[in-house]
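In: predicted coordinates and the sequence they were generated for:
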Amino acid sequence: MNLIVATKIEEVRTQVRTWKQQGLTVGLVPTMGYLHEGHASLVDKAVSLCDKVVVSDFVNPTQFGPTEDLDAYPRDFDRDCALLEEHGASLVFHPSVEEMYPQGAATFVEIQSDMPKALCGKTRPTHFKGVCTVVSKLFNIVTPDKAFFGQKDAQQLAILRRMVRDLSYGIEIVGCPIVREADGLAKSSRNTYLSPEERQAALCLSKAVFLGQDMAEKGERDADKIVSAMTETIQAEPLARIDYVTAVDGVTMETIHRIEGPVLVAMAVYIGKTRLIDNFIVEG
Ligand code: PAF
């Protein structure tokens, strides 16, 4: 196996130092493991743009709320390694919680604006503080040239771009398109929680996305009309419960009503107990 498995921060630093001394560029793909084709597409993109690709595989406890699915979050490290090897990653960083958060760790990275309070932040108030903290630590450990994130987590992507700008990280953030199942459902590790009946019901998310996209492509610029049509599509599914469907400025995450610049139309929907997200961007 060519893939290097590192569980200690120091091992990663030593390896990356060697690569940099050889003049090689390094890409980072942060993940929480249980990898699927969506993650594989991030690795493929990173491999195409960087000489060496580090993938972190760490279920980050600080981004889960007290009632969320931290213990139940799916894990399969051996399968992850096989996928990473197949897609040409160079190193997987798989630390313990203690390695990432030593006893007494009390320093966090948080964007102090309304950005992390919008959308998913309404029901997950501490989520983005945990994401920014762990990604910031990964940036300090790996010191990548580029870091790759999926557009499915659109708010996370916007927040991390802001963090990189505000904290002057010299790292390029590369956003990668949503990868979907053949029937439209956006790939997610959480899809494994769905029963067969819920899996079918979950199609209401992508159905709403495709409808909204179609309206925007045909020239609709009233964001409220698009959001209402999408909301109706989801409400027609008895197993779905909407957390939010909304149109926001693609950079600030502030609610908008007319599409003028780049707009993110995003949703979070519970299918049974599983909370799924999906979105699309209108360039304006
Ligand atoms: O998107 C994810 O899987 C996580 O939020 C990330 C970026 C790996 C941080 O734990």
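Out: Here it is on my side, so go on.
In: residues of the stretch 51-200 of the chain that sit close to the ligand?
Out: 60, 63, 131, 134-135, 153, 156 (CB under 6 Å from any ligand atom). For the C-beta atoms, the positions are set from N, CA and C on the backbone; glycine is no exception.
In: what is the nearest of the residues you listed to the ligand?
Out: Using CB to the nearest ligand atom, N60 comes nearest to the ligand of those, at 3.9 Å.
In: residues in contact with the residue lying closest to the closest one once chain neighbours are set aside?
Out: Excluding its sequence neighbours, the residue lying closest to N60 (CB to CB, 6 or more residues apart in numbering) is V134, at 4.3 Å. V134 sits next to 30, 58, 60, 62-63, 100 when contact means CB atoms under 8 Å, 6 or more residues apart in numbering.
In: just to revisit the earlier point, by neighbours, which of the residues of the stretch 51-200 of the chain next to the ligand wins?
Out: V135 (26 neighbours; other CB atoms under 10 Å).
In: what helix or strand is that one on?
Out: Here V135 sits within helix 127-142, counting by DSSP states H and E.
In: same question, K45
Out: Here K45, judged by DSSP H and E, is contained in helix 37-49.
In: likewise for A208?
Out: If you go by DSSP H and E, A208 is part of helix 203-217.
In: same for that helix, what does it pack against?
Out: Helices and strands touching helix 203-217, by 3 or more CB pairs under 8 Å, 6 or more residues apart in numbering; DSSP states H and E, are helix 223-235, strand 240-249, strand 263-271, strand 274-282.
In: still on that earlier bit, from the contacts of V134, which two are the most distant?
Out: Largest separation among the contacts of V134 by CB to CB: P30 and T62, giving 13.5 Å.
In: what about these two, which has more around it?
Out: P30 (24 against 19).
In: which strand residues bridge that one?
Out: S56 (DSSP bridges).
In: can you pull the contacts of it?
Out: Contacts for P30 (CB under 8 Å, 6+ apart) come out as 55-56, 134-135, 138, 147, 149.
In: for the ligand, see how far away the closest residue to V245 other than its chain neighbours is.
Out: Distances taken as CB to CB, 6+ apart place M267 nearest to V245, at 4.3 Å, with adjacent residues excluded. Per CB to the nearest ligand atom, to the nearest Å, M267 is found 17 Å from the ligand.
In: mind listing the residues bridging to M267?
Out: V245, D278.
In: what is the neighbour count of it?
Out: 24.
In: and S188, by the same measure?
Out: Residues within reach of S188, counting by other CB under 10 Å, total 24.
In: ditto for S41
Out: Residues lying near S41 (other CB under 10 Å) number 19.
In: now the one 5 residues further on
Out: When counting by other CB under 10 Å, one arrives at 27 neighbours for A46.
In: keep only those of the contacts of V134 that are in helices.
Out: Among the contacts of V134, the members found in helices (DSSP state H) are M100.
In: and the contacts of V134 as TSV, adding pLDDT?
Out: Listed next are those as TSV, based on pLDDT from 0 to 100:
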residue	pLDDT
P30	98
F58	98
N60	98
T62	98
Q63	98
M100	98
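In: residues contacting the helix holding A208, please?
Out: Helix 203-217 is contacted from outside by 180, 183-186, 225-227, 229-231, 233-234, 236-237, 240, 245, 259, 265, 267, 269, 276-280, 282, using CB under 8 Å, 6+ apart.
In: which parts of that helix are buried?
Out: The neighbour-count check on helix 203-217 (16 or more other CB atoms under 10 Å) flags 203-209, 211-213, 215-216 as buried.
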